[in-house]
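> Have a look; sequence and predicted model below, questions after that.
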Amino acid sequence: MPSPRTRRLLLDHQTLTSRLAGWPLIQISGTAGMPPEIYRFTYNLRGLYVAPSGEILERQVHVLEVNLSLGYPRRAPQCRMLTPVFHPNFDDSMVCIGDFWAASEGLDDLIIRIGRMITYQEYNTKSPLNGLAAKWAAQNPSLLPIDTRNISPPAAQPPDPGSAVQAAQSGLPGPADIPPVVAAPLEALSSNPPAPSSEEPPTPPQDPWTEKISLV
């Protein structure tokens, strides 16, 4: 008979694959283990990152790694971004989820919540991991959220991301339907609306899981 942890991992995988099936905004792009203990999620959402020039720019693709350690679900999943994010509750090594994680929370709900965080639909400036991002968010509330779309898949049959007809019928806006945010260089954080930038976000970094993760 499977252990309680194994049963939880199986339930998480079943719930995630069912809930995110066909959903264009959040996709399971890789797993490791059977049942999976490591996930990679790709978010097709608008968020922010800091360019080498110091400008705060948009990017539309974000990759998250989730590691379900031996202490899971009593201990929170270990979450870190594989692509750069400028947000009060993210740093290079982790995503701050300790304030709201509980063993009774579903992993699917957590993944959707992190999507809301990436888009600045949710953020906490009181105990930030990134103080500069917290300062920027506090000074520029009129620019937030970066992406206003509903991150959670609909309860009914989700639209096929490859079908333009279904997307139109669903009323789901694409990235082109949302006006871009205008951001400022880090060294010039202020409440004044900064000038827009035409610089394109860089290509996401090379996948570090080429041999370890089986694509789904």
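Okay, I see it.

> Show me what secondary structure element comes after the helix or strand harbouring Ile114.
Following DSSP states H and E, one finds Ile114 within helix 107-118. Scanning forward in sequence from helix 107-118 by DSSP H and E, the next helix or strand is helix 131-139.

> just checking, what packs against the lengthiest helix in the chain?
Taking DSSP state H as the criterion, the chain has its longest helix at helix 4-20. Identification of packing neighbours for helix 4-20 by 3 or more C-beta pairs under 8 Å, 6 or more residues apart in numbering; DSSP states H and E yields strand 26-32, helix 107-118. The way it works is simple: take the backbone N, C-alpha and C, and place the C-beta from them, glycine included.

> so how far is it from its chain's centroid?
19 Å (C-alpha atoms, centre = their mean, to the nearest Å).

> still on that earlier bit, how much does the helix holding Ile114 deviate in direction from strand 26-32?
In terms of direction (axes from the mean of the first three to the mean of the last three C-alpha atoms, to 10 degrees), helix 107-118 departs from strand 26-32 by 120 degrees.

> Give me the residues contacting helix 107-118.
12, 15-16, 19-20, 25-26, 41, 43, 45, 47, 62, 64, 66, 68, 77, 79, 85, 87, 89-90, 95, 97, 100-101, 122-123, 147, 151-153 (C-beta atoms under 8 Å, 6 or more residues apart in numbering).

> Next step: those residues restricted to helices.
12, 15-16, 19-20.

> nearest to Pro73, of the residues you listed?
Set against Pro73, the nearest of the ones in helices among the contacts of helix 107-118 by C-beta to C-beta is Asp12 (8.5 Å).

> Please report the distance of the residue lying closest to the closest one once chain neighbours are set aside from Ile114.
Residue nearest to Asp12 in three dimensions, not counting chain neighbours: Leu107, with 4.3 Å by C-beta to C-beta, 6 or more residues apart in numbering. Counting by C-beta to C-beta, to the nearest Å, the separation of Leu107 from Ile114 is 11 Å.

> Which one's more surrounded, these two?
Neighbours per residue, other C-beta atoms under 10 Å: of Leu107 and Ile114, the larger number sits with Ile114, 25 against 20.

> shaky segments in this structure?
Applying pLDDT under 70 to the chain flags residues 156-216.

> Can you show me the strands along the protein?
For the chain, the strands defined by DSSP state E cover 26-32, 38-43, 47-50, 56-59, 62-67, 78-81.

> and Trp101, what does it touch?
Counted by C-beta under 8 Å, 6+ apart, Trp101 has contacts 76-77, 110.

> just the buried members of those?
Buried members of the contacts of Trp101, counted by 16 or more other C-beta atoms under 10 Å: 76-77, 110.

> Just name the closest of these to Asn130, please.
Of all these, Asn130 sits closest to Ala76, with 18.8 Å by C-beta to C-beta.

> Distance of the residue nearest the centre of the chain relative to Lys135?
The centroid of the chain falls nearest to Gly115 when counting by C-alpha atoms, centre = their mean (3.6 Å). Separation of Gly115 from Lys135 (C-beta to C-beta): 23 Å.

> Would you confirm that Thr6 contacts Pro35?
Yes. The criterion here is C-beta atoms under 8 Å, and Thr6 meets it with Pro35 at 6.6 Å.
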